[in-house]
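*Asks:* Show me how the following folds:
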Amino acid sequence: MTRWLTQPLPDETALFAPKRSGWLGADAACSIELNSTHLLWIWGDTLLGTSTASTRDITSFVHGSIALQKREAGAQPTFFARRSHGAPAPNGFFAPNTSDAYYWTVNGASLAPASPAVLILAQTMSTTGWLEQLGTDAVLVHPEADTPPDEWRYETSRIAASSSSVSLNSGVHVAGGFVHLLGGRAEKPFGPITQMILARIPVAALLNFEWEAMRFWGDSGWAADASAAATLFRGRYSEGSLGYSAALASYYFVGLQAYEPNVTLYTAAKLQGPWAAETLYTLPALPPNATMAYAAKSHPALREIVAPDAAFLVTYNTNGAPASLPYSIDVYHPLFFAARVDCSQGGCGGPLAAALAAAGGATLLLVVVAAAAVWHRKRVQRAQAALLEVGPG
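*Replies:* Below is the predicted model:
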């Protein structure tokens, strides 16, 4: 197991604290590399209104919002909520083409360089059932320079293999011409997800919503039938982050499901596994009136700016009883921390970890950047080659 040194990041947390007017907090907190100058943040259920230093006056509740943030240290995000008939649209910034559902937008990724489009994954929730997920929708967003976000064109499609028992929104990673989706499967109809599964689809097929091209990793390789998907590991994660870490020379998934005490890190040499779990971060005491923490996400592009010597920069959310939110200003917005590999006692392995252990003073950042670039390039090439050897299925 890796030894981790973790550090809360109060300055980053303060950037996403409730504003005096407008955005008062949200969950999900997924950041996407929009372009060379900005990050796109997508949010789930969002509170709007005004606030003081200790209270919120919540005037609207919508099922999603977004923010744009310059890729600079300390940059203030600009928040956007879609409006309809002069008021915030209750269905959120992105909405399905049906009146019996709404979106919780929980994950996403850039599709560059294959396409300038951005992929957003949405839990498609029933308007009639109590927190009933109907499936996972893909939202393809087409950002345009110098165009307000509410004028961006987007289209949506239900991922054909998803259902109330199979979700494909837990994590997304784009590599080797494929979009890889980590999802969850219930062991019985309408039960909670307990088994994490892996799917992939060529980027070109996803751009046309050609879901028949999707394949699922099973015991015999990639299969067209979702029922053949193997359990990568057991978990209840409806959202998290899937990616590749140069510091660890491995793929990773960061997860925190509601009421769990720790942010858990899963790692594997290949996306297909085997996966190993360890505790990345033990949660500190929750803010007053918070009853749970959830929705951990990794933010690699922001990490490069804020904490380049860290392996991970992570957010998680807290929540409490709805009646308490107006009086709980520290609840229901993302909390940030950084996680660094502790190489002080050796045994880290890999060029980057060795550099972290040996370097010091002003040389540290240069060594880290140089070692990371070489290590990341080689490992990504090898990992993608390993994926492609399996074939499209």
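*Asks:* Can you tell me what sits against the helix or strand hosting Ala338?
*Replies:* Using DSSP states H and E, Ala338 maps to strand 335-341. Strand 335-341 is contacted by residues 2-10, 12-13, 16, 247-248, 280-281, 303, 306-307, 309-318, 348, 353, 356 when judged by C-beta atoms under 8 Å, 6 or more residues apart in numbering. C-beta: built from backbone N, CA, C; applies to glycine.
*Asks:* One more: stretch 289-297?
*Replies:* 27-31, 44, 106, 239-241, 254-260, 263, 283, 286, 314-321, 324, 327-328, 330-331.
*Asks:* Which positions within that stretch qualify as buried?
*Replies:* Of the residues in stretch 289-297, Asn289, Ala290, Ala293, Tyr294, Ala295, Ala296, Lys297 count as buried by neighbour count, 16 or more other C-beta atoms under 10 Å.
*Asks:* Pull up the per-residue confidence for the fourth one.
*Replies:* Per-residue confidence at Tyr294 stands at 98 (pLDDT).
*Asks:* nearest spatial neighbour of it, skipping sequence neighbours?
*Replies:* Sequence neighbours aside, Ala258 is the residue nearest to Tyr294 in space, at 4.2 Å (criterion: C-beta to C-beta, 6 or more residues apart in numbering).
*Asks:* Secondary structure class of that neighbour, three-state.
*Replies:* The assignment at Ala258 comes out as coil when based on DSSP: H, G, I helix; E, B strand; the rest coil.
*Asks:* quick one: contacts for it?
*Replies:* Ala258 sits next to Met292, Ala293, Tyr294, Asn319 when contact means C-beta under 8 Å, 6+ apart.
*Asks:* ok, back up a step: chain center to the strand holding Ala338: distance?
*Replies:* Distance of strand 335-341 from its chain centroid, counting by C-alpha atoms, centre = their mean, to the nearest Å, is 15 Å.
*Asks:* For it, which strands pair with it and how are they oriented?
*Replies:* Applying DSSP bridges, strand 335-341 is found paired with strand 4-8 (antiparallel), strand 312-319 (antiparallel).
*Asks:* list the contacts for Ala226?
*Replies:* By C-beta under 8 Å, 6+ apart, Ala226 lies in contact with Ala161, Val166, Ile197, Ala199, Phe216.
*Asks:* buried subset of those?
*Replies:* Buried by 16+ other C-beta under 10 Å: Ala161, Val166, Ile197, Ala199, Phe216, out of the contacts of Ala226.
*Asks:* rewinding a little: now that we have the contacts of stretch 289-297, which of them are buried?
*Replies:* 27-31, 44, 106, 239-241, 254-257, 260, 263, 283, 286, 314-320, 328, 330-331.
*Asks:* hang on, Gly235 packs against Ile197?
*Replies:* No - the criterion here is C-beta atoms under 8 Å, and Gly235 misses it with Ile197 at 10.5 Å.
*Asks:* list the residues that contact both of these two?
*Replies:* By C-beta under 8 Å, 6+ apart, the residues touching both Gly235 and Ile197 are Gly184.
*Asks:* Tell me which stretches of the stretch 101-250 of the chain form strands.
*Replies:* Taking DSSP state E, counting those that start in this stretch, the strands of the stretch 101-250 of the chain run over residues 101-110, 118-126, 133-142, 153-158, 166-175, 178-186, 193-202, 215-218, 221-223, 233-234, 240-245, 250-255.
*Asks:* Now do the contacts for the residue nearest to Phe79 when sequence neighbours are not counted.
*Replies:* Nearest non-adjacent residue to Phe79, counting by C-beta to C-beta, 6+ apart: Trp23, 3.8 Å away. Neighbouring residues of Trp23 by C-beta under 8 Å, 6+ apart: Thr46, Leu47, Leu48, Ser65, Ala67, Phe79, Ala81.
*Asks:* Can you show me the helices along the stretch 201-350 of the chain?
*Replies:* For the stretch 201-350 of the chain, the helices defined by DSSP state H, counting those that start in this stretch cover 203-207, 300-306.
*Asks:* who are the neighbours of the longest one, in terms of helices and strands?
*Replies:* Applying 3 or more C-beta pairs under 8 Å, 6 or more residues apart in numbering; DSSP states H and E, we find helix 300-306 packed against strand 30-33, strand 312-319.
*Asks:* what comes into contact with the shortest one?
*Replies:* Counting contacts by C-beta under 8 Å, 6+ apart, the residues outside strand 30-33 that touch it are 39-42, 69, 105-110, 112, 118, 120, 239, 241, 297, 299, 301-302.
*Asks:* What subset of those residues is buried?
*Replies:* Applying 16+ other C-beta under 10 Å to the contacts of strand 30-33, the neighbour count classes 39-42, 69, 105-110, 118, 120, 239, 241, 297, 299, 301-302 as buried.
*Asks:* List the buried residues in stretch 299-315.
*Replies:* Buried residues in stretch 299-315 (16+ other C-beta under 10 Å): 299-303, 305-307, 309-315.
*Asks:* Greatest separation within those: which pair is it?
*Replies:* Using C-beta to C-beta, the buried residues of stretch 299-315 span at most 18.6 Å, a distance reached by Asp309 and Thr315.
*Asks:* picking up where we left off before, between the contacts of Ala258, which is closest to Ala228?
*Replies:* Distances from Ala228 to these, taken by C-beta to C-beta, are shortest for Tyr294, at 30.2 Å.
*Asks:* pretty sure Pro300 contacts Leu242?
*Replies:* No - using C-beta under 8 Å, Pro300 is not in contact with Leu242; the gap is 11.2 Å.
*Asks:* Quick one: low-confidence residue ranges for this structure.
*Replies:* 345-393 (pLDDT under 70).
*Asks:* returning to that earlier point: the residue nearest to Phe79 belongs to a strand, doesn't it?
*Replies:* Yes - according to three-state DSSP, Trp23 belongs to a strand.
*Asks:* ok, so what distance separates it from Ser60?
*Replies:* As judged by C-beta to C-beta, to the nearest Å, Trp23 and Ser60 stand 11 Å apart.
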